[in-house]
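Enquirer: A predicted structure for the sequence below; I have some questions about it.
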Amino acid sequence: MLKLGICTVTHDTPAQRWWRRGLVAANMLPANPPASAEELDRFERIMMHLRLSNGTVRTTVHNRLAAVDEKVGSILPSVFPVSTPLLVEDWAVSSGITAAEWFQSLQRIYPDVTFTASDRTLYLVEARRQKERDVFIVEPGGDPIQYIRAPFVVSLTEMQHPIYFINRAVQRRAMREWGQVAEDFRVPPEWDNLNGGWQTIYLDPFVLRRLPLIHPQVMQMRGERFRMKQHSVFTPLPHPVHVIRTMNILNRSYFTEAQLRSAAEAIWQSLQSGGLWIVGRTVADNPPQHEVTVLQSTPCGWEKVFRIGKGSEVESLVAKSLMGAAIQ
């Protein structure tokens, strides 16, 4: 048995998607804003099926965190006066659409808010070999995540089910071929500057094209008050801020206990005294249900401010003996 991929725009119709049943090729991500309604729809569908090399998925969609935004917005003025020039960081934002929505919500409360959204990976690279008919979709660091050779599109971060033995054979071949050329893969350092275009360049033996992972609507929002940058949840900020949010990233399914503690330490170092850390995950999507804990940094450690649902699954792990008072 086999699954055929959605390799071109002409394949990307409801009927074709139904009988092909395969992945949508990531090199169909819209290249430059503004995007058409069809391009926005395609961007969001591709995001739902991408799994990066570290195992994370990018399932952020419009209004997914609206209830969290509302609850946090209701308590923030009791911690920081509305006249505060609030500094907010939203980490691991995927496409950035929920970060943009939170920024717009905060602006109604804090006119002087400065908001930074970040993620470990902000773009992918289409690596096309000049003398071949295939394409690799690769993270900037060189980890391949998708292989496209019509009529197939296969993931290189998830093992193909044995029942699809042809797709599985294509996947094995792709990994062997990437292993032979991976050492020649590199991206220009200026591509990390998001103000640049999604240009195509030739770096032997590849023709490379940068593919944005930022939602086209978010790309158009960037400015003095709202910006996006590359950042890892394990790296402390150079200057502490008032609020940090880490939703749907610091989960036991993604990281070890040691890694989660390392991320918590990075957040501790990145917050001003009295700053808030919002941590949790979405446990259901229709309707959205969340398990979230809001923690405040104090001289003695973390103090729980409130929970949504059962609270974050990593709350006890990251807090341990640093936890302060009981939930209010």
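Expert: Yep, that arrived.
Enquirer: what strand or helix carries His239?
Expert: Using DSSP states H and E, His239 is not contained in any helix or strand.
Enquirer: Arg222 versus that one, what's the distance?
Expert: Distance, His239 to Arg222, by Cβ to Cβ, to the nearest Å: 20 Å. Just so you know, the C-beta spots here come from the backbone N, C-alpha and C atoms, and that holds for glycine as well.
Enquirer: between those two, which has more neighbouring residues?
Expert: Neighbour tally, His239 and Arg222, criterion other Cβ atoms under 10 Å: the higher count belongs to Arg222, 16 against 8.
Enquirer: touching, the more buried one and Pro216? I think so.
Expert: No - the pair Arg222 and Pro216 does not pass the contact test of Cβ atoms under 8 Å, sitting 11.6 Å apart.
Enquirer: okay, buried residues for the lengthiest strand in the chain please.
Expert: Ranked by number of residues, the top strand in the chain under DSSP state E is strand 271-285. Taking 16 or more other Cβ atoms under 10 Å as the neighbour-count basis, strand 271-285 is seen to contain the buried residues 271, 275-282.
Enquirer: quick check, nearest of these to Glu313?
Expert: The shortest approach to Glu313 among those belongs to Arg281, at 6.9 Å (Cβ to Cβ).
Enquirer: which ones are touching the closest one?
Expert: 247-248, 251, 290-292, 312-313 (Cβ atoms under 8 Å, 6 or more residues apart in numbering).
Enquirer: counting neighbours, which of the residues you listed comes out on top?
Expert: Ranking those using other Cβ under 10 Å puts Ser312 first, with 27 neighbours.
Enquirer: and that residue, what element?
Expert: Taking DSSP H and E as the criterion, Ser312 maps to no regular element, lying outside all helices and strands.
Enquirer: measure it to Arg252 for me?
Expert: Between Ser312 and Arg252 the distance is 10 Å, computed by Cβ to Cβ.
Enquirer: got the contact list for Leu260?
Expert: By Cβ under 8 Å, 6+ apart, the contact set of Leu260 is 250, 252, 314, 317-318.
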